[in-house]
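Visitor: Prediction below, plus the sequence it came from.
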Protein chains: 2
Amino acid sequence: MSLNVSKDAPKLTVRKPASVKDSRSSSQTARATLALREMLVQGQLRPGEKIREVPLSARLNISRIPLHLALERLANEGFLEVLPKRGFRVQRFSVEDIYDSIDLRGVLEGAAARIAAERLKDPRALAQIEALSQEILTLVRRSRMTIDVFTRYIELNARFHNALLDLAGNRMLRRAIERACCLPFASASAFLNRQYISTDLRELFLISADQHCAIVDAIANREGMRAEAIAREHARVARRNLEDALRHRERIDDLAGAKLVNL
Amino acid sequence: MSLNVSKDAPKLTVRKPASVKDSRSSSQTARATLALREMLVQGQLRPGEKIREVPLSARLNISRIPLHLALERLANEGFLEVLPKRGFRVQRFSVEDIYDSIDLRGVLEGAAARIAAERLKDPRALAQIEALSQEILTLVRRSRMTIDVFTRYIELNARFHNALLDLAGNRMLRRAIERACCLPFASASAFLNRQYISTDLRELFLISADQHCAIVDAIANREGMRAEAIAREHARVARRNLEDALRHRERIDDLAGAKLVNL
DNA sequence: GGCTCTAAAAATGCATGCAATTTAGCTTTG
DNA sequence: CAAAGCTAAATTGCATGCATTTTTAGAGCC
């Protein structure tokens, strides 16, 4: 990541600052949002820290308007706290908050699974999610656990959860899950550390894949309560990952969002 | 709060437009947000309509920056859709979306009740919510249902739900519920029409109040599953209200958020 | 008539600079 | 020495205006 070295640039009405044209496409706001999210996750903006817009806009080489819009978005995602007439502050999170996030995701995905089961009309609608769960199962059954397998798992897992939401066909629920998963430690693949791929991890993936299949089976049989219960339990895999991560404090900084948490 | 009467004020360029000084307090952005929310609920901005910032800012007598910030907020609340480089559009909702919102609130409040039951340490923590549920019960048992009783019920009901969230002690869940209830038809008192206070309504309030008591009882006995089940059912009271409202199409426009929905 | 292309019009993105508010550093006062 | 003022610096709020992008309208073409 290259810091954009400011070439001072004393412009009167010159429109495009030099540093802008090199970052291709999108908008200043979008770029600022990405950059800030990165800074937050990497701990360059620390919990409880007050955001000062002028220095920050200078650092990011953008003006205060798109910066402010980006901050507003990050506040909505939960990264920042809004102080009514005083700007923004980096949100503080506790380990409890992480457990609560995992719980919340479990509740919501449980609801998605139940609703999917209740609303299933045509079993053919299950084709996609069935294919996904089978693909995941095949993947994790391979004896060797490599970084590619790991990456592929994350990808397929995300698609599985998305397919589940499609089946539930509930916009409001989708919105709620998206919001809940904004924070990096709330997402399904949080606390999976690609730096430490172990046989334990393979075990966890197998269990997870089996739960996927069970959820699909429950939906296929219209067993709403069962689908809900399994999906809730499935979210708790993240809890195990977290506990595992907390036992290895020396590795913890590699994990998603660890810098956001006061340990 | 006194208007800023300039005691020396060496203003070169006249800053404040005449129309601004009369709306007292807060910020332009906050005022714009309130005004727009009102316009949306009243149907002055219709579902699917594209927001044009320049005319709208002229209409609200504010500049485009605070207007844009307000629009961003309303998009986050779910009222507007963001079109990446094309501004905002008023969100369309279907009756299905309303049912789904009610369901979602049920799921989340169910989770809150369960967690409250699971986490209860000291029964004395129940004092507040017990007092509230009793007060509600006393209120709705009165034979006459007046507009004041109605208003008071709404108020106490909101406090009951807030107390429940306090008991759950889960920031993430609170956040999720607040988000889910941003939309007017998702809140607990949606589809209660103060213009048509009937004996049916009193019945509904009695049932509702009984459910409150049952939730508190379940929490007191650490019956997490029971608390969850009742709280979910409790949310479905709103569903009945909605069905009732849909049977009286002529009254529907008086209801919260009806103008947001394509019927 | 429908389609593509082009130019004008409209709309959003955002850089800049000023005003009002908040904060911080002193000074004064009890 | 702490609390209360007071002033200056820092900081956010936002009004303005220009550049870029998107939309629209019309002309030409198939």
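Guide: Sure thing, it's come through.
Visitor: Now the element after the lowest-mean-pLDDT helix or strand in chain A, going C-ward?
Guide: Confidence across the helices and strands of chain A bottoms out at helix A:18-22, with a mean of 37, counting by mean pLDDT, DSSP states H and E. As assigned by DSSP states H and E, the chain's next helix or strand after helix A:18-22 is helix A:28-41.
Visitor: Quick check: buried residues in stretch A:35-44?
Guide: Along stretch A:35-44, these residues count as buried under the neighbour rule (16 or more other CB atoms under 10 Å in any protein chain shown): A:A35, A:L36, A:R37, A:M39, A:L40, A:V41. In short, each C-beta sits where N, CA and C put it, glycine included.
Visitor: Pretty sure A:L255 is one of the things the last one touches, is it not?
Guide: No. The criterion here is CB atoms under 8 Å, and A:V41 misses it with A:L255 at 10.1 Å.
Visitor: what stretches of chain A score poorly on pLDDT?
Guide: Scanning chain A with the threshold set as pLDDT under 70 gives A:1-25, A:194-197, A:199, A:254.
Visitor: if we go to 90?
Guide: A:1-26, A:84-85, A:142-150, A:187-204, A:240-259, A:261-263 (pLDDT under 90).
Visitor: So which residues of it form helices?
Guide: Taking DSSP state H to define them, one finds helices in chain A at A:18-22, A:28-41, A:53-60, A:64-77, A:95-119, A:127-141, A:147-168, A:171-180, A:199-220, A:224-247.
Visitor: So which bits of the fourth one are buried?
Guide: Of all the residues in helix A:64-77, those buried under the rule 16+ other CB under 10 Å are A:65-77.
Visitor: In contact with A:F79, which residues?
Guide: Going by CB atoms under 8 Å, 6 or more residues apart in numbering or on different chains, A:F79 touches A:L36, A:R37, A:L40, A:V90, A:Q91, A:C182, A:L183, A:L260.
Visitor: Pipe the residues you listed into a markdown table and attach distance to A:V107 per row.
Guide: Formatted as a markdown table, these follow (distance: CB to CB, whole Å):
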| residue | distance to A:V107 |
| --- | --- |
| A:L36 | 29 |
| A:R37 | 25 |
| A:L40 | 26 |
| A:V90 | 27 |
| A:Q91 | 21 |
| A:C182 | 16 |
| A:L183 | 16 |
| A:L260 | 22 |
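Visitor: Out of those residues, which comes closest to DNA strand D?
Guide: A:V90 (12.1 Å; CB to the nearest atom of the strand).
Visitor: and that closest one, how far is that from B:P84?
Guide: Separation of A:V90 from B:P84 (CB to CB, to the nearest Å) stands at 27 Å.
Visitor: Please name the nearest non-neighbouring residue to A:L201.
Guide: Nearest residue to A:L201, sequence neighbours excluded (CB to CB, 6 or more residues apart in numbering or on different chains): A:M145, at 6.4 Å.
Visitor: Give the burial count for the one you found, as a bare number.
Guide: Neighbour count for A:M145, taken as other CB atoms under 10 Å in any protein chain shown: 19.
Visitor: so it makes contact with A:D200?
Guide: No. The criterion here is CB under 8 Å, and A:M145 misses it with A:D200 at 9.8 Å.
Visitor: give the contact list for A:R64.
Guide: A:R64 touches A:E53, A:V54, A:S57, counting by CB under 8 Å, 6+ apart.
Visitor: Apply 6 Å and report the result again.
Guide: For A:R64, the contacting residues are A:E53, A:S57, by CB atoms under 6 Å, 6 or more residues apart in numbering or on different chains.
Visitor: again with A:C181
Guide: Applying CB under 6 Å, 6+ apart, we find A:C181 in contact with A:S187.
Visitor: count of residues packed around the nearest residue to A:H161 once chain neighbours are set aside?
Guide: Residue nearest to A:H161 in three dimensions, not counting chain neighbours: A:A188, with 6.1 Å by CB to CB, 6+ apart. By other CB under 10 Å, 20 other residues sit near A:A188.
Visitor: Compute the distance between A:A188 and chain B, please.
Guide: According to CB to the nearest CB, to the nearest Å, A:A188 stands 15 Å off from chain B.
Visitor: go on, A:A158?
Guide: Taking CB to the nearest CB, one finds A:A158 at 20 Å from chain B.
Visitor: Could you find the closest non-adjacent residue to that residue?
Guide: Of all residues not flanking A:A158 in the chain, A:A188 sits nearest, at 6.9 Å (CB to CB, 6+ apart).
Visitor: Next, count neighbours for the spatially closest residue to A:S189 that is not a sequence neighbour.
Guide: Nearest residue to A:S189, sequence neighbours excluded (CB to CB, 6+ apart): A:I154, at 4.7 Å. By the criterion of other CB under 10 Å, A:I154 has 15 neighbours.
Visitor: which parts of the stretch 151-263 of chain A sit against chain B?
Guide: Within the stretch 151-263 of chain A, the positions adjacent to chain B are A:N170, A:R171, A:M172, A:L173, A:A176, A:R179, A:A180 by CB under 6 Å from any CB of the partner chain.
Visitor: By neighbours, which of the residues you listed wins?
Guide: Most surrounded of those: other CB under 10 Å gives A:A176, at 26 neighbours.
Visitor: Now do the contacts for that residue.
Guide: By CB under 6 Å, 6+ apart, the contact set of A:A176 is A:L108, B:L104, B:A176, B:A180.
Visitor: again with A:R202
Guide: Residues in contact with A:R202 (CB under 6 Å, 6+ apart) are A:M145.
Visitor: How many residues are close by the closest residue to A:R105 other than its chain neighbours?
Guide: Here the nearest residue to A:R105 in space, its sequence neighbours aside, is A:A235; by CB to CB, 6+ apart that works out to 5.0 Å. Neighbour count of A:A235, defined by other CB under 10 Å: 22.
Visitor: how close does A:A235 get to B:L167?
Guide: In terms of CB to CB, A:A235 sits 22 Å off from B:L167.
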